[in-house]
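In: just coords:
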């Protein structure tokens, strides 16, 4: 028997056209579009970390990027709001399709 502790597990399910990510016991199932958004965001963040200009350059890029949202500021555009609403609707639809619920329901 071999036991290996994994911090993050990622695998593709071509039949379901999904990418699955397991982090800390939570499984995220992403569509190809959601996966591309995540990959792009991770790549941009890594580029900023490796930037020779340091924090100043990262702040300038973050301020110019409408997709990124600072923790201390509201979303900068209506486009970001609509993207968040679309993403939230997709997640809720996926939860419903799987017969799950985020809210506690009272049973009679």
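Out: That came through fine. This structure is a prediction, so every number in the text was calculated from the model and none was measured.
In: Got phi/psi on residue 27?
Out: Residue 27 adopts backbone torsions of phi -100, psi 120, taken as degrees, to the nearest 10.
In: Could you report the separation of it from residue 2?
Out: 22 Å (C-beta to C-beta, to the nearest Å). (C-beta placed from N, C-alpha, C; glycine too.)
In: Ok, residue 11 next?
Out: 18 Å.
In: now swap in residue 17 and tell me
Out: 31 Å.
In: pLDDT below threshold where in this protein?
Out: Low-confidence segments of the chain, defined by pLDDT under 70: 53-80, 101-108.
In: And the strands in the protein?
Out: 8-13, 18-23, 26-30 (DSSP state E).
In: which one of the ones you listed is the most hemmed in?
Out: Sort those by mean neighbour count, taking mean count of other C-beta atoms under 10 Å, and strand 18-23 sits at the top with a mean of 16.
In: Okay, now the sheet partners of it, with direction.
Out: strand 8-13 (antiparallel), strand 26-30 (antiparallel) (DSSP bridges).
In: Dump the ones you listed into a markdown table; add distance to residue 44 as well.
Out: Output for those, formatted as a markdown table (distance: least, C-beta to C-beta, whole Å):
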| stretch | distance to residue 44 |
| --- | --- |
| strand 8-13 | 18 |
| strand 26-30 | 17 |
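In: Would you agree residue 31 is in contact with residue 16?
Out: No. Applying C-beta atoms under 8 Å, one finds residue 31 not in contact with residue 16, separated by 9.8 Å.
In: who has more neighbours, those two?
Out: Higher neighbour count among residue 31 and residue 16: residue 31, with 14 against 10, using other C-beta atoms under 10 Å.
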